[in-house]
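A.B. asks: The following block contains a protein sequence and its predicted model.
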Amino acid sequence: MSLWDIASQTIDASSESLRALSLDIHSHPEENYEEVHAHAALTSWLADAGFDVTPSAYGMQTAFEATRGSGGPTIAVLSEYDALPGIGHACGHNLIAISGVAAGLAVAEALEREGVEGTVRVLGSPAEEGGGGKIRLIDEGAFEDVGAAMMIHPGTGNIIYPFVLAIDTCLVEFRGKNAHAAGAPWEGRNALDALVLAYQAIGLLRQQAHPTVRIHGKIHHGGEKPNIIPDYAQAEFYVRAPYEERLDDTIKRVEDCFAGAAQATGCEWSVDWQAGERYSNMANNGPLAEAYGRRWLNLGVEAADLDGSIQGSFGSTDMGNVSHVVPSIHPMYLIPHESGNHTPQFTAAAASDEGHQLTLTATKAMAHAALDWLTDPDLRDRALADFEATH
């Protein structure tokens, strides 16, 4: 039996326990850095599967590292397991969680049963939905001895080269002066007016922004009562672009909207960009993505972009940061859905049996591609050359 057959057989044999693990995480949604239940469930599963597990790894309570194998090159597969506020696992991170541990087990079993050198590391990454868990993993050295990294993500199509945008987020504050809104409005400086004006200016900016740019915001605070002119207003904005230079240029134009609104209303303004948690664009590694696409095709799934064409945008992820540290891939796979990611309908899809089966198929492709990389020096050389050519 080949390495790749062993990997598929291992995943099929684990389907029932993986399904139970996925539904357990799905029924206990936890937000950024609060994934205590998921962390315990995943580390327990990996320990039972024979991994050397380090819970609360790299200075994060809900991160983990699990390793099997010896010698040879080291590949990392990643699990995510944080949920969204209010709508739970509407991005399917319960499925990403099991894909990482299942691929890790499949690769480890294949290598050990056939006596092939190589190491697989499963990294548990908290706080993808804003918090930058993988950025902290990078900063703490989790990828220093890793030659390649992989993960998969459920979505609305089968894509091996997802067009993932860089993102920076900010909190902007406007400060004015209170006054009675009926008795003496001329004495006030309306911070909410400043924020609304800035919001409208950004809306107009979108018309002239590049088609690949995305800007969206939410007002957090706009005053206390209608008859008190607000002296304070706050909002949060996300700015996305396909690469850093365009992101920086767009941020400057957004700040011009803030400044103009403040000047027009006589208010002061300040902004705090979360630069330490900026998510980079995804630098999809060509040779690794091609290996994944071929293995997926062998399993009966043809990616929409197998020819290398761009198949639209898929938000942002801190896996983008990983892709600028080591050769990486982040394929997307279709699960049946009534609506796309980040909706209650997708939360339901992430718990469906068909979604589980499609996750296992995509996981097999990831395990097979990982085995290709571990056993083929030419693929490793080409993946590294592609990485170095783009960095």
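C.D. replies: Now that the structure is in, tell me what you want to look at.
A.B. asks: Could you pull up the contacting residues of residue 145?
C.D. replies: Neighbouring residues of residue 145 by C-beta atoms under 8 Å, 6 or more residues apart in numbering: residue 74. Where C-beta positions appear, they are placed from N, C-alpha and C, glycine not excepted.
A.B. asks: Number of residues surrounding residue 149?
C.D. replies: 27 (other C-beta atoms under 10 Å).
A.B. asks: Mind telling me what element it is part of?
C.D. replies: If you go by DSSP states H and E, residue 149 is part of strand 148-150.
A.B. asks: residues in contact with that strand?
C.D. replies: By C-beta under 8 Å, 6+ apart, the residues outside strand 148-150 that reach it are 73, 75-78, 103, 143, 285, 288, 292, 319, 322-323, 326-330, 366, 369-370, 373, 380, 383.
A.B. asks: got it, and stretch 288-296?
C.D. replies: Defining contact as C-beta under 8 Å, 6+ apart, one finds that stretch 288-296 is touched by 4, 148, 150, 158, 160-161, 302-303, 306, 327-329, 331, 361-362, 364-366, 368-369, 372-373, 379, 383.
A.B. asks: likewise stretch 373-391?
C.D. replies: Contacts of stretch 373-391 (C-beta under 8 Å, 6+ apart): 3, 72-73, 75, 107, 111, 116, 118, 120, 147-148, 283, 285-288, 291, 324, 326-327, 372.
A.B. asks: repeat that for 7 Å
C.D. replies: If you take C-beta atoms under 7 Å, 6 or more residues apart in numbering as the criterion, stretch 373-391 is touched by 3, 72-73, 75, 116, 118, 147-148, 283, 285-288, 291, 324, 327, 372.
A.B. asks: Keep only those of those that are in strands.
C.D. replies: Mapping the contacts of stretch 373-391 onto strands (DSSP state E) picks out 75, 118, 148.
A.B. asks: In the protein, where is pLDDT below threshold?
C.D. replies: Within the chain, the stretches with pLDDT under 70 are 275-276, 311-314.
A.B. asks: most distant residue from the middle of it?
C.D. replies: Ranked by distance from the centre of the chain (C-alpha atoms, centre = their mean), the top residue is residue 183, with 50.6 Å.
A.B. asks: where's that one relative to residue 233, distance?
C.D. replies: Remark: distance between residue 183 and residue 233 (C-beta to C-beta, to the nearest Å) = 21 Å.
A.B. asks: got it, and residue 116?
C.D. replies: With C-beta to C-beta as the criterion, residue 116 and residue 233 are 61 Å apart.
A.B. asks: So which of those two has more stuff around it?
C.D. replies: Neighbour count, other C-beta under 10 Å: between residue 116 and residue 233, residue 233 has more, with 25 against 15.
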